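Trainee: Just to be clear, the model below is a prediction. Sequence and coordinates:
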Amino acid sequence: MVVEKMEKTFSYRRLEVIKHCPAVPDVMKRWPALFSESQVTEQFRRITTVNLERTFLTAGFLHFKTSDHFQDEG
């Protein structure tokens, strides 16, 4: 239910933030769900069309694999 409502109000929230530049505490009061981990991920996807979790997992995986090749041999 929260996801649906946040999806429906995206344009309105974006306009409100751009036009009025509210302080973070005011945004937190008005849109508390926006500060949950799941909604941060969804908001990022809405704005960029990029899957944030997949991006971090991929970066972490690539970093892990790269670091395996540069270990000290001593």
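Mentor: Everything's here; your move.
Trainee: nearest spatial neighbour of Glu16, skipping sequence neighbours?
Mentor: Spatially, and ignoring its direct neighbours in sequence, Glu16 is nearest to Pro22 (7.2 Å; CB to CB, 6 or more residues apart in numbering). Bear in mind the C-beta positions are built from the backbone N, C-alpha and C, glycine included.
Trainee: State the distance from that neighbour to Arg54.
Mentor: For Pro22, the distance to Arg54 equals 30 Å [CB to CB, to the nearest Å].
Trainee: still on that earlier bit, the residue nearest to Glu16 in helix, strand or coil?
Mentor: In the three-state summary, Pro22 is assigned as coil, counting by DSSP: H, G, I helix; E, B strand; the rest coil.
Trainee: Please apply the same query to Val50.
Mentor: Applying three-state DSSP to Val50 yields a three-state assignment of coil.
Trainee: Next one, pLDDT for the closest residue to it other than its chain neighbours please.
Mentor: Here the nearest residue to Val50 in space, its sequence neighbours aside, is Phe44; by CB to CB, 6+ apart that works out to 6.9 Å. The predicted local confidence for Phe44 comes out at a pLDDT of 88.
Trainee: Phe44 contacts Glu53, correct?
Mentor: No - because the distance of 9.3 Å does not satisfy CB atoms under 8 Å, Phe44 is recorded as not touching Glu53.
Trainee: Looking only at neighbour counts, state which of those two leads.
Mentor: Phe44 (15 against 12; other CB atoms under 10 Å).
Trainee: can you tell me the helix or strand for the more buried one?
Mentor: In the assignment (DSSP states H and E), Phe44 maps to helix 37-48.
Trainee: can you pull the contacts of Val27?
Mentor: Taking CB atoms under 8 Å, 6 or more residues apart in numbering, we find Val27 in contact with Val17, Leu34.
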